[in-house]
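K.L.:
the following comprises the amino acid sequence and a computationally predicted model.
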Amino acid sequence: MKNYYTQIKKVQDKECEESLSSVIERFSPVFLSMYSRFMSSIKQSGANPSDILDDKDMIIYESVKSFNKEKGVTFCTWLSNITKYKCLHLMNKSRKQCALKERYKEKIDTDGNLFASNPIDKISLLQELNKALGSIKDQRVARVYSLRYFSGKKMTWSEIGKKMGFSSQTAINLHRRGADILKIKIKNLTTV
């Protein structure tokens, strides 16, 4: 086990990809064990279980980066807790979206897309979202959203990072940066 703590330290200090691959390979079963406990609950909440599974490597990476051996917790416990949090967060987010859809169901099209009851409204919504994303100084934010949600296939964070030439964590950070602006914009659309 000490060898894995050395590899974790290499990832934390030097972003060593070889060590990260080894840690991911070793601790994927820990992730999958915790994930499997929540899989049926995730489905029941209306969320897509693959949203967590597709981000397995990213969750392990985030766990490695935030792990502190000095706190007296093993990495297995730390990773299990992070995975549990991610599953609970996804379920909570899905329940909120279901409640929002119920609240605005007259503005939901047959595909379940919010606020787009006809093709013109849907085009208008996409234009508004693109305008909001375009107003952010860092244009990488709009590109991350485009790849994640509007490219036909929901790309994983690592796929987006590779395509854009930076780390998966940078893709996540850019996504978070744009989320606040989009939340405000969507809220404004629903109050019209």
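P.N.:
That came in fine, so what should we check first?
K.L.:
next secondary structure after the helix or strand of the chain with the lowest mean pLDDT?
P.N.:
The weakest-scoring helix or strand in the chain, judged by mean pLDDT, DSSP states H and E, is helix 119-134 (a mean of 67). Moving toward the C-terminus from helix 119-134, the next helix or strand (DSSP states H and E) is helix 140-149.
K.L.:
and the helix or strand that comes right after that next one, how far from the chain's centre?
P.N.:
Remark: after helix 140-149, the chain's next helix or strand is helix 157-164, criterion DSSP H and E. How far helix 157-164 lies from its chain's middle: 13 Å, per CA atoms, centre = their mean, to the nearest Å.
K.L.:
what angle separates helix 157-164 from helix 140-149?
P.N.:
If you take axes from the mean of the first three to the mean of the last three CA atoms, to 10 degrees, helix 157-164 sits at 130 degrees to helix 140-149.
K.L.:
contacts for helix 157-164?
P.N.:
Helix 157-164 has contacts (CB atoms under 8 Å, 6 or more residues apart in numbering) with 55, 57-58, 140, 143-144, 147-148, 155, 167-172, 175. All C-beta spots, glycine's among them, are computed from the backbone N, C-alpha and C.
K.L.:
same check on stretch 168-180?
P.N.:
Residues outside stretch 168-180 that contact it (CB under 8 Å, 6+ apart): 57-58, 61-62, 65, 133, 136, 138, 140-142, 144-145, 148, 156-158, 160-161, 164.
K.L.:
could you rerun that using 7 Å?
P.N.:
Residues outside stretch 168-180 that contact it (CB atoms under 7 Å, 6 or more residues apart in numbering) are 58, 61, 133, 136, 138, 140-141, 144-145, 148, 157-158, 160-161, 164.
K.L.:
buried sites along it?
P.N.:
Across stretch 168-180, burial judged by 16 or more other CB atoms under 10 Å covers 168-172, 174-175, 178.
K.L.:
how about the contacts made by the closest residue to S80 other than its chain neighbours?
P.N.:
In space, and not counting its chain neighbours, S80 is closest to M34: 4.7 Å by CB to CB, 6 or more residues apart in numbering. Contact analysis of M34 by CB under 7 Å, 6+ apart lists 80, 83-84.
K.L.:
from the opening residue of stretch 63-79 to its closing one, how far?
P.N.:
Stretch 63-79 has its terminal residues 6 Å apart, counting by CA to CA, to the nearest Å.
K.L.:
show me what that stretch is in contact with.
P.N.:
Stretch 63-79 is contacted from outside by 4-5, 8, 11-12, 20, 23, 27, 30-31, 60, 82, using CB under 7 Å, 6+ apart.
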